[in-house]
Structures are given as structure tokens and as C-alpha cells.
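Colleague: structure, please.
(4 chains, ligands or ions: 6)
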Amino acid sequence: MGMKKFINNPDNLTAELLEGYCSAYSNKVQLVSDKIVMRLKPKDKSKVALLTLGGAGHEPALSGFVGEGMLDASVVGDIFAAPGAPKVIEAMRLLKRDAGILFVVLNHAGDVMSGNMAMEMAKQEGINVKMILTHEDIAPGADSPIENRRGLAGCIPLYKVAGAAAEAGKSLDEVYNIAEKFNNNMATLAVALKPATHPQSGQEIFTLAEDEMEIGMGQHGEAGTGRSQMLSADETAVKMITQLIMAVKAKKGDKIHLMINGAGATTQMEMFIVYRAAKKYVQGLGIKVVHSLVGEYLTVQEMGGFQMFVAKLDDELLKLMYAPADAPYWTVR
Amino acid sequence: MGMKKFINNPDNLTAELLEGYCSAYSNKVQLVSDKIVMRLKPKDKSKVALLTLGGAGHEPALSGFVGEGMLDASVVGDIFAAPGAPKVIEAMRLLKRDAGILFVVLNHAGDVMSGNMAMEMAKQEGINVKMILTHEDIAPGADSPIENRRGLAGCIPLYKVAGAAAEAGKSLDEVYNIAEKFNNNMATLAVALKPATHPQSGQEIFTLAEDEMEIGMGQHGEAGTGRSQMLSADETAVKMITQLIMAVKAKKGDKIHLMINGAGATTQMEMFIVYRAAKKYVQGLGIKVVHSLVGEYLTVQEMGGFQMFVAKLDDELLKLMYAPADAPYWTVR
Amino acid sequence: MADNIGYEGIVKLLKAAAEKIKANRDYLSKLDSATGDGDHGTAVFKVADAITGTIAKDNSKNLKILLKDIGWAAMSTDAGSTSPLYGSLFMGMSESIADDALLDCKAFVSMMEAGVTKLRKNTKAEVGCKTMIDTLVPAITALRGAADSGKSIAQALSDGADAAVKGAESTKEMKATFGRAKNIGERSIGHIDPGATSMSLLFVGMKEGYQNG
Amino acid sequence: MADNIGYEGIVKLLKAAAEKIKANRDYLSKLDSATGDGDHGTAVFKVADAITGTIAKDNSKNLKILLKDIGWAAMSTDAGSTSPLYGSLFMGMSESIADDALLDCKAFVSMMEAGVTKLRKNTKAEVGCKTMIDTLVPAITALRGAADSGKSIAQALSDGADAAVKGAESTKEMKATFGRAKNIGERSIGHIDPGATSMSLLFVGMKEGYQNG
Ligand SMILES: Nc1ncnc2c1ncn2[C@@H]1O[C@H](COP(=O)(O)OP(=O)(O)O)[C@@H](O)[C@H]1O
Ligand SMILES: Nc1ncnc2c1ncn2[C@@H]1O[C@H](COP(=O)(O)OP(=O)(O)O)[C@@H](O)[C@H]1O
Ligand SMILES: [Mg+2]
Ligand SMILES: [Mg+2]
Ligand SMILES: [Mg+2]
Ligand SMILES: [Mg+2]
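Modeller: Ligands and ions are numbered 1, 2, ... in the order given. Predicted coordinates:
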């Protein structure tokens, strides 16, 4: 096995990772029932709770965003693999409240199946929960049916606005509507340069030639159809931002959030260079970048590449984006 | 050139990176005179200012930590290369105040030379500034003379405690003494698995065999003398933490800060697994981990590996560590 | 001798099927590397482990309960698409039978059908979409045909396994329209679907378990 | 013809030296890859660029000012250890001469000595530490020897260049005790020091600039 990683028994990866994470940030989060990461100090039961689910191996996502003003809990599966419905319903029971739960699911087959099953069980048990599906990948085309569009890093700023709305005491319908507004005005495009190694199988999750890159790569190295020769940072940025701006239909005078999310091995230096070019392009259209993030939020192990994310923001969303938060990997004073 | 990175003209790397960084976080930092990153809202002149210098290519370090409660400014050189004294003295002039400036320099030949020259000029100009040198690398041995011990990621938590002390209105001598206390009770050890590519020369900055790792690697791939076969995460962690605990002479009942700083390509998953093992070992000695950080703070492009950092904390330092901060890459509520 | 199968018989089938799947872990992950994310072997291994683990610690000796517990355990494996799909197969089987079920060939086939029906509630995939449905539909059709023409359980399992294997092979020429493989579109053609393959191993394992039992 | 050198002459020497260094950019980085961080070529290229750039835009026609400006520009290149070391060499040269300097061989050598003295204020490195000091010390000694024995500036530059080259080569067998190369200890043996090499190119370039001037 040619894999060079700091791991022990590959079967214990997720357990060890969650133990490490929750103990490193024991002032903010706690591990409940093996696979559920919860806020250390739960929010008041009168407020809507925010729940998500997803595979591990994308750190700091998703559990890195459990905390005041963001998620109340995340249910973690195995590496790149959704958790089963039983754990999800367990988390729903823990969060159960009259105010209700907003349940954020990223559009990946396994996540959606577990999510749907858990929703069915919740209904039977009388748990008040509404599900929202993120599907902002525009690689298959922005007009492509929802089931073809993956949920990528956009979930994370979505947790932020929904979490802030919940923290502000809004009702489940209100929080849902805010999240849906964000959801319907966001778009992501990923680009890959170098593969990651699956930490359990030891295999590279895709291959790219020495001079190739791929725009439209999925979250786990699922190849898309956008292979091309390596482009410069500026060319890559402009190619991606053009499509993203079209997808969210932003126009002169609009305000956007712009995020560059590193896949793992791509440096922040590169991300800033790309960010710079994308922002310049956007400003050239008379669109204002009013909130930005550059860093690793949702990674794919040590894959080389990044996701570029755009969301149109109105004043309500912008305010929620800047509202206080205290998750291990997203803190706002 | 076999390098696969999102860049444009390699000569413009630092300029583009700083433009991107300061524009992404324009609510917190600003770029002054090309290479000086300063707080957007300067702190009151009655308080001690904190200044640092260093090469680029280690993002988010060092400029990522300019902000309320941390650095007032950082002077940036080129990739892996210290800025020259002229820029440093310029920054000192900008920060000049009766309360004084604490100037943090990492022990690398170029940084120290520029730092010393700038100090000499400052003296001639009557600028009140005290220099502190970080040198916490224990690869050459914890008892090895200071000039042999490199300044690694330990500067970043040092900015935190010194910055918090300055923000609290302490005098230059007090801030200096607090920083020195931290400085004299910290230790770092780095391990490397995979080389980074120098983004200007396109060359790998070192080579390691397929099954080799190296404990004691420097910040720019300067090889040390600790090559060995790949070890498991737990073995690596225990080997490193043992030396670090000895270096800081921590004993039963002591409190420490424990940081795992990713080099670039090593995943947070791995860092959490390593953190877990190190913490377990420390706890076994009856030592308490009272503050932790796991993430990328000072990177070496896309190098695979991490730095493990330990600092003994007393109550004063612990309080400063948890004090509010608002830098782009270190925020405390 | 009455051609019936009950708790002990099903346990034998499932144990053999689980072992069959476990033995093909790496092969299945390799198939998934070509069209998906390379983890189907790991995923379905965990499901197989859930089957044998649940059998090992079952005290009920009640087929309905055993199948429900297997379904729940399979669902709990955190194995992406695989856990809900396999999990609901067993849940559906459990829900369709009585507590003290002793099944003749027709009843056995009905139980399998109920499992597949429940599994299909998770997905809109049809035959031709390059998923495990391409194995399940012909396998169940063969089982039903055998039962309706009065064949033995052994013969039905054999017919089912043959159809399952053919079904899995048929995915090779298909273009994926479901699951991760859909993302690579045309490039999925020429690769056998991993989920269809693991599902065919389940049927082959059951057949062999019955024969060797 | 008086054996003197002034503004125009020094400009000629420095231009040639800068070109020499620029032409060896990749070679110098390669040397640094073996023992350091692989950027000395880039670093010293920038210093060379600072030299030619400052010369190009100099209006003073005053050697003292020119050398000071070169020193400041070299220091401003953000090139790790190289900018302060090269920068202070020129600063030291400037500080040692008068505004309207026209230098005979001895005065020229004194100016060079002053530069080296200033450079050495940055570092405790001595001969044998595998740094640019291993080039500078023998080069300056040769210059001084030539001047003291009444040789011409041309001859002094030629002696200095020869000694510089030999000094740089001598670093090959040394174990580094300064700079980044120190970190690899014994493994530095067998590699020529990049800074010693670039410094020898400066002396060779000056010699050639004088000869061809
Ligand atoms: N929507 C779906 N409907 C039917 N089968 C599916 C669907 N999605 C995936 N599959 C099956 O699951 C298999 C992949 O399983 P696995 O690799 O464990 O899951 P994941 O895609 O989450 O990594 C596919 O080969 C396919 O047979
Ligand atoms: N402390 C020192 N004293 C003298 N020369 C030094 C010292 N440190 C480095 N050098 C010289 O600088 C050269 C390296 O320059 P360069 O690669 O540009 O700097 P850096 O080490 O900062 O990358 C070395 O080969 C050596 O000759
Ligand atoms: Mg998967
Ligand atoms: Mg350097
Ligand atoms: Mg898979
Ligand atoms: Mg160097």
C-alpha cells in the first residue's frame, strides 16, 4: 500500500478522529453515542435546532461547524460514507423539541437515503423536523434536475445563516425559509489537480495526467466531464466565476458571498491568488463582494484543487452571515 | 516544470497573494506599502503594538494573525524569504508610539539579519522597540544553543498571548516579559512525509523515500537528522510528545497548550488522530491539556507532515490564550 | 420431506452469502474505483459483518426478529448508499412475514419480493440504470417464475442466482444514470457496477449455502 | 595612464558582475536545493537586478550615493539571508568612501574591505563554516596582497577572482555550521555552498568587466 498517512488501523479512522476532535475542542463540542457531535452547551429548547449528517474524511466539515450560532449536532458516517438512518433518528430524538429541527442534507445518494428514512421514522415518532437538501453543484449545468446536482461546500455558509436565524429565535418555518432562500441562490464549482488517497483502501480516488486539471470534480473524486490542460490561476478563476455568476443570476448592484474552499493540498497562497482574480472579475460586472471566506472548510483528504462558491446575499442574509458564531472552525465575534 | 499549482507569473506570487488576502478580509486587515499587512482599525496608540516579519508561502502565517488581540502588523518577504530591513523599519515607523513596539522574530538567518538591522535603524531614529526571538525547535536538542534552534509555529500562540497582554494595556516591559515567559516554556518538533514544491523554482524542496518519514524537519524542508521508516500515527505522536514534554520539563499537575499544526497536505483527520494519541500520553503523565489547536497555522506549501507544539501555561498565560481575538485565522469570542 | 425453510435454513443461506461478499471485498472496491469512490467493498463488507454479527448474537430464534435486526444493523453500518439499500432489503423481508414463519417456496419468494419492494422505495432507479436494481429485478423474476412453476427452493435459488449473475454482467454495457457513477456519464460504460455485483454475490452465496447446508 | 577607478569604472564592474550572477540563476538555486531551500538563485538574481536597476536610474553620478542606493535596494529585495548580506556589502563600501572618490588600487581595495567588514557584522561565520565568508576572506586577502605589492587594479581584480573561485570550491568539503545547510550537518559535505559560489561570481564578473571595459 503506497499510502503515506499518519493513521493507525484504517477501520478505526472515524472513531479516532472524532475522539481527537471532540477532545481538542472540548470547550465547544462533545461526542455523544459514538457518532453524534453535539454542542457542549445545548441551545435553549425554545429555539430551532440545526442538524446535519455526512461522511467523515472531509475535515473540518461537517462537525467543525457545530457550535453556538451554527449546528446543534452533526451525525457522522464513515470515511466518505453517510451514516445510517438509525444514528440519525437517535440524534433527532436528542434534539427533539416543540420549536422543531431543521435537518440539512447534502445531495449524495447515501446521505439522501439515510435522511429520508430518518425523516420517515421521525414522522412516526412525532418529531417536528423539516429537511432541506443542498444541491448547489453546477457541474452538470445550473438548470440540470436537482437530483443531478451534488451538495458541496455550500452547506457550510448555509449552516451559518440558518444557525444565526435559529439562534435569533426565529420559528422553524422562518429558519427553513431563510435557509431555502440561501439554498436557491448559491452555486459551487470544484476543480481538481491531484488525487487524494482513500485512507481505508489506500487507492487514489481518481487519476489525472501530469498536465491535466478537471473542473466539475465531485466531493469524493467522482470525475466529471470538464478535463482540460492546466490553466493559470487567473484563467481558472475567470472560467469558474463566469459560470457561477451566471448560475446565481447575479447582476450589477447585487451583493455576493465569495468562498474559496481548499480541497486539501492546494495552498492558501494559491487560493488567495484565485480569490483575487475571481473578485476582480466580479467587481468588473459591478457586483459587490460583501463577505468572503478563503480556507479549508470541506476537504477531500489531500486532494489538490478547490471549490469556488458564490451566494447572492440580501441584507437579511448578510446580517446573519456576520452574526456571532462560536464553532471550532467558524468563529465570529 | 512538473509543478501543478494555481499560479500566474511566479515573480508576482507574493504581491497577488497579499492583494487577495487583504481584499478577502478587508473587514479586518489592510495592505500598506506593498508588503506590510496592518490591522484595519489600529489599536489605541496608548497600547503596545505587536510587529512580526517573515517570508510568504506559509499561509495563513504570519499575516493571518494580524487583528485585534494579536498582531498589529506583519512585514512580508518573498516566498520563504525574509523581507529586507528597509520594509521593516518602515513598519516600525508606522507603528511608532511612546508605549513601544514588541517585535517578534523567528530564528532563521535571514529574518534575524533583517530584524537586527531594522533594530539598529530604529535605535538611531529613537523608536521604542524591543525584539524577541522565537527558537523553539527542539530537533537539534532542547539544550542546543539558541542559534541552532529554529523558530517554528510556536510564534503564533506567542502572538496570541503577547497580543492579548498588549490589548489589555500592559506596558512594553510587561508584554515582553509575558512573551518571554511563553517563549521559554515552549517547544516544537516537526515531521515530514512528503515534499513541497517551491512555487517559484518548481523544484521539490527535499526528497524522502516512499517508506520514509523525517522527524525534525525545518520550516522550508531543510532536512534534519531524524529519518526513519514510516511509523503509525500513534507511534509518531508518542515519539514526538515524549521529547516535547521533556523539553518543556512539564510534570504531573502542570497545564499545557497542545497544538498540531498541519504542514499543508496532511489532513485534519490525521492531525486529530495524532492529537488524540499525544493527549492520551500527556494525560497518562498527569499533565493537563488546557488549550488546544488543531489545524493549519504555519504551512510549508503542500508539504505532508505536521508540527507538534507544546507550551507550559500558568494561569496568566491561559487567560491570555482565551482572551478575545479577531484576526482572520484566529478568532476568540 | 417438506420443501420448507425456516429460521435455521435462512441463517445458513445468509451466513454463506455474507462470507461470499466478504471474500470479494477488494474486488468490489476495485470495481467502485472505476466508476465511483472506491469504497463499495468496504461498505458491503460491513453489511456482511452486520449479517453474521447479528446472527451470532441473536437469541430470539425468530426469523422475523432476526431479519429486522439484520436490517437495522445493516442500516447502522454508515456505509453510504449501501447501508440503506441493503438495510431496507432485510427490513422489507421482516415486515412481510409472520412471527413463526416456516416458508414454502412461494412464501420464501414472496418474502424476497417484499424485501426488494422496500429497497426500491429508496430509489427511482429502474433496470438499465446500472445499479443493483439490474441484479435484483431479474433475480426476483426468476425466483417468482420458479415458484409459480412449482420448482423446489433449491431450484428457485439456483435460477435466482443465475439470473442475478447475468443481471450484474448486463450492467457492463450500460451508461450509469444513478449513484456516483452517473457523474462520469459515458465513461462508466465498460465497467461492471459494484452494487449490482455485490447483490449478485448475495444470491450466489444463498444458493451455495442451501446446497452445502 | 593613472591606474584609477571612479564612478564609471565601478559601474562597468558591477554591471558585468550582475550579469554574471543573473546568468547562473538556475545553477545557484540547484546548489541551494542540495543543502538549503533551493532559492539562492532567485534571491541573488534579485540582488543583481537591484544593482543594474539602481545603476540605470541613478542620476547622482556620485559613487558614494550609488553604492548606498545599491545597498538599500539589495536589502529591499526580500531575499532571505542574501539581501542583508549583499546589501551590507554595498552599504559598507559606500560608508568608507568620500563623495567624489577616485580610487587607486589601494583605495579600491580598502573600499572592498570596508564592505566585507560591514557584511560580517551580520554573522559570526568564519572561514570554514561553509558560507560566502569562505569566498570573501581569501578574495579580500588576495586583493590586499596585490595592492600592497603595488600591482594594478586589473591584476588585483584577477588575483581576487582567482582566490574567490578557490574559496568557493573549498566549501565543498566543509560541513556547514551556518545558514540553513547547518541543519543537515554531515550531509552537507560534498556540496558547494551556493552563497560562496554567487559571491565568487561577483568577483569573477568584476574582473571580466574590467578587462572588457
Ligand atoms: N440511487 C441508487 N439506486 C440504486 N442503487 C444505487 C444508488 N446509488 C448507488 N447505488 C448502488 O450502490 C453502489 C455503490 O455503493 P457504495 O460504493 O457503497 O456507495 P457510495 O456510492 O455511497 O460510495 C452502486 O454501484 C449502485 O449499485
Ligand atoms: N549566517 C550566515 N552567515 C554567512 N552566510 C550565510 C549565513 N546564512 C546564509 N548564508 C549564506 O547565504 C546562502 C544562502 O542564501 P539564500 O538561499 O538566499 O538564503 P536563505 O538561506 O534565507 O534561503 C548560503 O549558501 C550562505 O553562503
Ligand atoms: Mg462512498
Ligand atoms: Mg530561502
Ligand atoms: Mg462507493
Ligand atoms: Mg536558500
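Colleague: is stretch A:312-324 up against chain B anywhere?
Modeller: Yes: against chain B, stretch A:312-324 shows contacts by Cβ under 8 Å from any Cβ of the partner chain at A:Pro324. Yep, even glycine has a C-beta here, placed from its N, CA and C like the rest.
Colleague: what lies in contact with that stretch?
Modeller: Applying Cβ atoms under 8 Å, 6 or more residues apart in numbering or on different chains, the contact partners of stretch A:312-324 are A:68-69, A:157, A:160-161, A:164-165, A:167-168, A:178, A:181-182, A:185-186, A:248-250, A:254-257, A:290-291, A:311, A:332-333, B:333.
Colleague: can you say which of these are buried?
Modeller: Among the contacts of stretch A:312-324, those classed as buried by neighbour count (16 or more other Cβ atoms under 10 Å in any protein chain shown) are A:68-69, A:157, A:160-161, A:164-165, A:167-168, A:178, A:181-182, A:185-186, A:248, A:250, A:254-257, A:290-291, A:311, A:332.
Colleague: point me to the residue of chain C nearest ligand 2.
Modeller: Closest to ligand 2 within chain C is C:Gly38: 40.7 Å, counting by Cβ to the nearest ligand atom.
Colleague: please see if the helix or strand bottoming out on mean pLDDT in chain C touches ligand 3.
Modeller: Ranked by mean pLDDT, DSSP states H and E, the weakest helix or strand in chain C is helix C:25-35, scoring a mean of 92. No: remark: helix C:25-35 sits outside contact range of ligand 3, by Cβ under 5 Å from the ion, the gap being at least 7.6 Å.
Colleague: identify those among the contacts of stretch A:312-324 that sit within helices.
Modeller: A:Pro157, A:Lys160, A:Val161, A:Ala164, A:Ala165, A:Glu167, A:Ile178, A:Lys181, A:Phe182, A:Val248 (DSSP state H).
Colleague: surely the fourth one meets A:Ala325?
Modeller: Yes: shown here, A:Ala164 and A:Ala325 form a contact pair, counting by Cβ atoms under 8 Å, at 7.0 Å.
Colleague: what is in contact with those two at once?
Modeller: Shared contacts of A:Ala164 and A:Ala325 (Cβ under 8 Å, 6+ apart): A:Gly69.
Colleague: for A:Thr242, list the residues it contacts.
Modeller: A:Tyr281.
Colleague: kindly report the same for C:Met132.
Modeller: C:Leu85, C:Asp193, C:Gly195, C:Ala196, C:Ser198, C:Met199.
Colleague: now the element after the one helix or strand the first one maps to, going C-ward?
Modeller: Applying DSSP states H and E as the criterion places C:Leu85 in helix C:82-96. Using DSSP H and E, the helix or strand that directly follows helix C:82-96 along the chain is strand C:103-104.
Colleague: give me the nearest residue to A:Phe272, chain neighbours excluded.
Modeller: Once flanking residues are discounted, A:Phe272 sits nearest to B:Gly20: 3.2 Å by Cβ to Cβ, 6 or more residues apart in numbering or on different chains.
Colleague: that neighbour: which element?
Modeller: helix B:13-24.
Colleague: residues in contact with that helix?
Modeller: Contact partners of helix B:13-24, identified using Cβ under 8 Å, 6+ apart, comprise A:233, A:269, A:271-276, A:279, A:292-294, B:7-8, B:29-31, B:34-35, B:37, B:56-57, B:59, B:63-64, B:76-79, B:199-200, B:328, D:78.
Colleague: next one: that helix, is it in contact with ligand 4?
Modeller: No: using Cβ under 5 Å from the ion, helix B:13-24 stays clear of ligand 4, coming no nearer than 12.9 Å.
Colleague: what is the rounded mean pLDDT of that helix?
Modeller: Mean pLDDT, computed over helix B:13-24, is 98.
Colleague: for the next helix-or-strand element following it, packing partners?
Modeller: Sequence-wise, the next helix or strand downstream of helix B:13-24 (DSSP H and E) is strand B:29-32. Applying 3 or more Cβ pairs under 8 Å, 6 or more residues apart in numbering or on different chains; DSSP states H and E, we find strand B:29-32 packed against helix B:13-24, strand B:36-39.
Colleague: any chance of the ones you listed in TSV, plus distance to C:Ala168?
Modeller: Listed next are the helices and strands packed on strand B:29-32 as TSV, based on distance: least, Cβ to Cβ, whole Å:
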stretch	distance to C:Ala168
helix B:13-24	50
strand B:36-39	59
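Colleague: mean neighbour count added to those, as TSV?
Modeller: As requested, the helices and strands packed on strand B:29-32 are exported to TSV (neighbours: other Cβ atoms under 10 Å in any protein chain shown):
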stretch	mean neighbour count
helix B:13-24	23
strand B:36-39	24
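Colleague: report the angle between the helix holding C:Leu85 and helix C:25-35.
Modeller: Computed by axes from the mean of the first three to the mean of the last three Cα atoms, to 10 degrees, the angle separating helix C:82-96 from helix C:25-35 equals 120 degrees.
Colleague: hmm, helix C:82-96 in reach of chain A?
Modeller: Yes: using Cβ under 8 Å from any Cβ, helix C:82-96 reaches chain A at C:Thr82, C:Ser83, C:Pro84, C:Leu85, C:Gly87, C:Ser88.
Colleague: now do the helices in chain C.
Modeller: Using DSSP H, the helices of chain C run over C:7-23, C:25-35, C:40-56, C:63-75, C:82-96, C:105-120, C:133-148, C:153-170, C:194-212.
Colleague: stretch A:293-306 vs ligand 1: in contact?
Modeller: No: residues of stretch A:293-306 are not located near ligand 1 by Cβ under 6 Å from any ligand atom, the shortest gap being 13.3 Å.
Colleague: low-confidence stretches in chain C?
Modeller: Low-confidence segments of chain C (pLDDT under 70): C:1-2.
Colleague: show me which residues of it sit near chain D.
Modeller: Going by Cβ under 8 Å from any Cβ, none of the residues of chain C are near chain D.
Colleague: so how far does stretch A:295-305 reach from one end to the other?
Modeller: Start and end residues of stretch A:295-305 are separated by 12 Å (Cα to Cα, to the nearest Å).
Colleague: what are the buried residues along that stretch?
Modeller: In stretch A:295-305, counting by 16+ other Cβ under 10 Å, buried: A:Gly295, A:Glu296, A:Tyr297, A:Leu298, A:Thr299, A:Val300, A:Gln301, A:Glu302, A:Met303, A:Gly304, A:Gly305.
Colleague: try stretch A:195-204
Modeller: A:Pro195, A:Ala196, A:Thr197, A:His198, A:Pro199, A:Gln200, A:Ser201, A:Gln203, A:Glu204.
Colleague: tell me how far stretch A:97-113 is from the chain's mean position?
Modeller: Mean-position distance between stretch A:97-113 and its chain equals 13 Å (Cα atoms, centre = their mean, to the nearest Å).
Colleague: that stretch and ligand 5, are they touching?
Modeller: No: using Cβ under 5 Å from the ion, stretch A:97-113 stays clear of ligand 5, coming no nearer than 8.3 Å.
Colleague: end to end, how far does that stretch reach?
Modeller: So stretch A:97-113: terminal residues 24 Å apart, Cα to Cα.
Colleague: and it with chain C, contact?
Modeller: Yes: using Cβ under 8 Å from any Cβ, stretch A:97-113 reaches chain C at A:His108, A:Ala109, A:Gly110, A:Met113.
Colleague: mind checking pLDDT for the residue of the stretch 1-150 of chain A found nearest chain D?
Modeller: The stretch 1-150 of chain A approaches chain D most closely through A:Lys4 (21.4 Å), counting by Cβ to the nearest Cβ. With respect to pLDDT, A:Lys4 scores 93.
Colleague: please work out how many residues are found near it.
Modeller: The tally of other residues near A:Lys4 (other Cβ atoms under 10 Å in any protein chain shown) stands at 21.
Colleague: ok, now which ones touch it?
Modeller: Per Cβ under 8 Å, 6+ apart, neighbours of A:Lys4: B:Leu193, B:Lys194, B:Glu210, B:Met213, B:Met230, B:Gly304.
Colleague: nearest to C:Ile10, of the residues you listed?
Modeller: Proximity of the contacts of A:Lys4 to C:Ile10 (Cβ to Cβ) peaks at B:Met230, which lies at 45.7 Å.
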